[in-house]
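Q: Okay, sequence plus prediction incoming.
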Amino acid sequence: MNHQIIYHPLTATPFKRNAFYTEFSPCKELYSYIRCYWGTEHPLVQVECGAPELVIPDTCVDIIYYIDYTDNTVAGGFCGINDCSFYAYNSRTTGHMTATFAIRFYAWSAYVFADDSLKSTINGYFDVGSRFEWLDKMIKPQLLEPKTLQEKVSFVEKLLLKRLADAKENTVVNNTIQNILISKGFLDVSNLAKESFVSTRQLERLFHEYVGITPKKMSNLIRYQFLWRNILYEPDFDVLNAVHKYGYTDQSHLLREFKRYHSMSIHEAKTIAFKDVENIQDVILK
């Protein structure tokens, strides 16, 4: 796999960095599989729950662990790929010493590390062990030691690299994803199937099994993510140019699809993304 060069999906608040949320990039061997690791840099006292956070379809899946050092407990969950936005609420106990640790896989590469099929995981939240039992057994006991986020990442990367060495990947899924990314979600399913020398039905079956979503829906989500990046990073972003660039039928089609995935207008989405960012130009130029 080699998708990282041409594709870097964004969250609803891609510029957010604070004591409760830090991102680490994976090592180069895992670039094509993992978008990032994220969590709290160090264990922190849980403050009162703030406002819920918007989560948009970022074409990724997450394994998330919530660690409570006060109660000595670790709760883990696997979030399947989403095709709609939702709000995440912080339900952890105020005053407890807590930390979060998460692995954000690209939705089409998580199967490489999974024990079981990712079928029927769309918009779902599951126990980590239901799909990644081997990883859950290795990670969970280590998380109660109050390590830094960097130390957790180093430990987990060794496990993932070892697993990757013996992994068997599906060539059709990999090639189709590459074609979707190159075309920025422009190709229809029949052309994607033709490019991979399989029938449309077979391609859809493989995507359900390995990714948990249809190739058509994946194409639409990837197109939306390319659009979202343009909206944030192009100071002179123009909707009509984007209509042509990404193959939308017209302006209303683009705006309607953006709102369907983001649950709000482009203006509202930008307001949330740049909230608490002191100098927008400094962020964009990074």
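A: Nice, I can see it. Residues are numbered from 1 along each chain as shown.

Q: Keeping just the C-alphas, turn stretch 57-76 into PDB.
A: Extracted in PDB, the C-alpha atoms of stretch 57-76 (Å, rounded to 0.1, in the frame of the first residue of the first chain):
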ATOM      1  CA  PRO A  57     -16.700  10.800   8.200                       C
ATOM      2  CA  ASP A  58     -12.900  10.800   7.800                       C
ATOM      3  CA  THR A  59     -12.700   7.400   6.000                       C
ATOM      4  CA  CYS A  60     -10.800   6.000   9.000                       C
ATOM      5  CA  VAL A  61     -11.600   3.600  11.800                       C
ATOM      6  CA  ASP A  62     -10.400   3.900  15.400                       C
ATOM      7  CA  ILE A  63      -9.400   1.600  18.200                       C
ATOM      8  CA  ILE A  64      -9.800   3.800  21.300                       C
ATOM      9  CA  TYR A  65      -8.800   3.100  24.900                       C
ATOM     10  CA  TYR A  66     -10.000   5.100  27.900                       C
ATOM     11  CA  ILE A  67      -7.700   4.600  30.900                       C
ATOM     12  CA  ASP A  68      -8.800   5.500  34.400                       C
ATOM     13  CA  TYR A  69      -5.800   5.300  36.700                       C
ATOM     14  CA  THR A  70      -7.900   6.200  39.800                       C
ATOM     15  CA  ASP A  71     -10.200   3.200  39.300                       C
ATOM     16  CA  ASN A  72      -7.500   1.100  37.700                       C
ATOM     17  CA  THR A  73      -9.700   0.300  34.700                       C
ATOM     18  CA  VAL A  74      -9.200   0.300  30.900                       C
ATOM     19  CA  ALA A  75     -12.300   0.400  28.500                       C
ATOM     20  CA  GLY A  76     -11.700  -0.100  24.800                       C
END
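
Q: in that stretch, what counts as buried?
A: Using 16 or more other C-beta atoms under 10 Å as the test for burial, stretch 57-76 gives 57-69, 74, 76. Where you see a C-beta, it was placed from the backbone N, CA and C, and this is true even at glycine.

Q: now, among these, which is nearest to residue 46?
A: residue 68 (8.3 Å; C-beta to C-beta).

Q: From the buried residues of stretch 57-76, which land in strands?
A: Using DSSP state E, the members of the buried residues of stretch 57-76 that fall in strands are 60-68, 74, 76.

Q: nearest to residue 219, of the residues you listed?
A: Of these, the one sitting nearest to residue 219 (C-beta to C-beta) turns out to be residue 60, at 15.9 Å.

Q: Now do the residue nearest to residue 186 when sequence neighbours are not counted against residue 187, distance only.
A: Leaving out its chain neighbours, the residue that sits closest to residue 186 by C-beta to C-beta, 6 or more residues apart in numbering is residue 247, at 4.8 Å. Look at residue 247 and residue 187: by C-beta to C-beta, to the nearest Å, they are 9 Å apart.
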